[in-house]
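Asks: I would like to see how this sequence folds:
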Amino acid sequence: MSGFDKDWLALRETADQAARDMGLVEELATYLQGMDRPFILDIGCGTGSTLRSLQDHLPRYTGWLLLDYDPVLLEEASRRAGTSANVAFRQHDLNDIAGLTLDEASVVTASALFDLCSEKFCAALADRLAAAGCGLYAALNYDGVMRWSPEHPLDGQMTDLFNRHQRTDKGFGPALGPDATACLAGHLKARGFIVTTAESPWRLDESSAALQAEFLGGLRQPLLEASELPDTAIGEWLEFRLATIGTPGASCLVSHRDLLALPG
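Replies: Numbering: from 1, shown residues only. Below is the predicted model:
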């Protein structure tokens, strides 16, 4: 499967970093501090945003292995990581869950990944994590809530359409979309993990105008594919939303959830 565009990943990184729940990051750091050689396996790493977001908060001797299927994103992640001796990179198709090297991993991390995955994927990963005694930090999974100001009569319907599209196959089977965090938490709790979740919403205003415009542009095709509305209705709604970006009081909230699961 192909990766995301690196320009989109760069555009969203500031909003992602601001959204992460720092309470869970601190809990993860405390967990790793009790280990002689903490090691993180970051799956679906993209350009390395999880590494950049967490590295300064975790023990400095923590080792990292970043996995992604897209060699272009891996190359960018490596470039941005510089010459750190504690960070390595490897190409890997995440559909091969059995091939994940968990023997030395203390925790698996992933950002904005599990809402693209199926329940089968989550169950199989939970089995591997339980067998290895390995924790999971899964951040920024979309949870189905979008709110705008000023409001438009079609806001709710457009969110519902997008959520419907989010449940289609994204390369890992029928995607969980907004149900990802709850599903993942259920599978991990059933296998004895101590699971904590927290909200991690994007809160976008005039300072994030470029991200809002790109996000709305990216909604067009999913809405058209999921909708029974006339194309003109979707176009008019998008034109309204784009026109409000940067106006006084205008804002956009896109809700996500973070999850930390540690062996019980």
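
Asks: Run the chain-centre distance for whichever strand in the chain runs longest.
Replies: Ranked by residue count and defined by DSSP state E, the top strand of the chain is strand 135-149. On the basis of CA atoms, centre = their mean, to the nearest Å, strand 135-149 is displaced by 7 Å from the centre of the chain it belongs to.

Asks: And the longest helix along the chain, what does it pack against?
Replies: Across the chain, the longest stretch assigned as helix under DSSP state H is helix 209-226. Secondary-structure packing of helix 209-226 (3 or more CB pairs under 8 Å, 6 or more residues apart in numbering; DSSP states H and E): helix 6-19, helix 155-166, strand 202-204, helix 231-244, strand 251-263. Heads up, the C-betas are built off the backbone N, CA and C, glycines and all.

Asks: contacts for that helix?
Replies: For helix 209-226, the surrounding residues in contact (CB atoms under 8 Å, 6 or more residues apart in numbering) are 8, 11-12, 14-15, 158, 161-162, 164-166, 204, 231, 234, 238, 241-242, 245-246, 252, 254.

Asks: Buried subset of the residues you listed, written for ChimeraX?
Replies: Buried subset of the contacts of helix 209-226, written as a ChimeraX selection, criterion 16 or more other CB atoms under 10 Å:
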select :11,12,15,158,161,162,165,166,204,234,238,241,245,252,254
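
Asks: Of all the helices and strands packed on helix 209-226, which one is nearest residue 174?
Replies: helix 155-166 (10.5 Å; CB to CB).

Asks: which helices and strands does that closest one pack with?
Replies: Helices and strands in packing contact with helix 155-166 are listed as strand 135-149, helix 209-226, helix 231-244; criterion 3+ CB pairs under 8 Å, 6+ apart.

Asks: Output the below-cut-off pLDDT ranges for this structure.
Replies: Under the criterion pLDDT under 70, the flagged ranges of the chain are 1-3.

Asks: center of it, which residue is that?
Replies: Taking CA atoms, centre = their mean as the criterion, residue 112 is the residue nearest the geometric centre of the chain, at 0.9 Å.

Asks: What is the neighbour count of the spatially closest residue to it that is not a sequence neighbour?
Replies: Distances taken as CB to CB, 6 or more residues apart in numbering place residue 140 nearest to residue 112, at 4.5 Å, with adjacent residues excluded. Using other CB atoms under 10 Å, residue 140 has 27 other residues around it.

Asks: So what are the sheet partners of the longest strand of the chain and their directions?
Replies: Paired strands of strand 135-149, with direction, are strand 107-111 (parallel), strand 251-263 (antiparallel) (DSSP bridges).
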